[in-house]
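> Give me a model of this one.
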Amino acid sequence: MAEDRKQTIVQEINYWKAHRLLPNEYCDFLLALYTEGKDVPSNEGAKGNYNLPIWSLSVALTLILLPLSFLVIHFTEMDIIMQTGLLSSFVVIVCLHSLWLNYKKSFLFHVPLVIGLLIALLLTIHLLNHLLINNQFTYSTAALHGILWLWLGKRFSVRYLFISGIVLLSVLIIYLVL
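Have a look, this model is predicted:
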């Protein structure tokens with residue numbers, strides 16, 4: 001086979017590998033076949049090194065949103081509507097981030113998921129404490145969050161979320177009984 005044809009085929013296989021049109025194992029096999037075992041330089045290492053800091057930075061920024069939520073609630077003089085809007089935007093941002101990481105098949109999608117659920121719990125309890133005097137609604141809302149965590153843990157096979165829902169409901173029941 002002519003050398004320029006081999007080079008074109010190798011470039012096509014590298015394109016398929018970079019854009020995940022074929023599994024990496026198939027691409028590696030085809031590259032080894034067409035290059036006759038010679039090592040072909042690939043840009044995969046540079047791509048991997050470039051993406052890891054971006055994912056780490058995005059997860060670190062997500063982690064900052066939980067303490068920032070506490071700061072918004074306890075240490076600012078903002079109106080309740082501004083606090084609610086800001087915390088709701090935090091929840092939306094974190095949920096979208098979790099969905100994006102899950103779509104990318106990253107193991108880090110659990111971090112924004114948990115942060116989003118905690119901020120949502122914090123938001124609803126803060127709203128109920130501000131708007132209502134009766135604590136029964138607060139307890140009911142915490143129980144609903146526990147049930148939501150149980151369901152999400154069961155639905156997506158996330159064991160720690162299922163256990164967290166059980167712990168939340170157990171602590172709530174113990175608190176109400178005692």
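> Where does pLDDT dip in the chain?
Residue ranges of the chain with pLDDT under 70: 1, 39-52.
> Could I get the full set of helices for it?
Applying DSSP state H to the chain gives helices spanning 3-18, 24-34, 44-74, 80-103, 110-131, 135-155, 159-177.
> So which of the ones you listed is the most surrounded?
For the helices of the chain, the largest average neighbour count (mean count of other CB atoms under 10 Å) is found in helix 110-131, namely a mean of 19. Bear in mind the C-beta positions are built from the backbone N, C-alpha and C, glycine included.
> hmm, who's touching it?
Helix 110-131 has contacts (CB atoms under 8 Å, 6 or more residues apart in numbering) with 59, 62-63, 65-66, 69-70, 73, 80, 83-84, 87-88, 90-91, 94-95, 97-98, 101, 137-138, 141-142, 145, 148-149, 152, 158, 160-161.
> let's see it at 6 Å
By CB atoms under 6 Å, 6 or more residues apart in numbering, the residues outside helix 110-131 that reach it are 59, 62, 66, 69, 73, 80, 87, 90-91, 94-95, 97-98, 137-138, 141, 145.
> again, but for stretch 56-67
Contact with stretch 56-67 is made by Phe90, Val94, His97, Leu108, Val111, Pro112, Ile115, as judged by CB under 6 Å, 6+ apart.
> How about stretch 16-25?
Applying CB under 6 Å, 6+ apart, the external contacts of stretch 16-25 come out as Cys27.
> what's the span of that stretch, first residue to last?
Between the start and the finish of stretch 16-25 there is a gap of 12 Å, counting by CA to CA, to the nearest Å.
> For it, what is the distance to the chain centroid?
Put simply, stretch 16-25 sits 25 Å off its chain's centre (CA atoms, centre = their mean, to the nearest Å).
> Stretch 106-117 now?
Chain-centre distance of stretch 106-117: 3 Å, with CA atoms, centre = their mean.
> Stretch 53-69 too?
What separates the centre of stretch 53-69 from the centre of its chain is 10 Å, taken as CA atoms, centre = their mean.
> Quick check: closest non-adjacent residue to Met78.
The shortest distance from Met78 to any non-neighbouring residue, by CB to CB, 6 or more residues apart in numbering, is to Val72 (6.9 Å).
> roughly how far apart are that neighbour and Gly116?
Shown here: Val72 relative to Gly116, a distance of 15 Å by CB to CB, to the nearest Å.
> Check His130 too.
Counting by CB to CB, the gap from His130 to Gly116 is 21 Å.
> Repeat that for Val92.
9 Å.
> Can you give me the domain assignment for the protein?
Following automatic domain parsing, one gets these domains for the chain: 3-34, 132-178.
> mind putting these in CSV, distance to Ala120 included?
Converted to CSV, the domains of the chain look like this (distance: least, CB to CB, whole Å):
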stretch, distance to Ala120
domain 3-34, 33
domain 132-178, 7
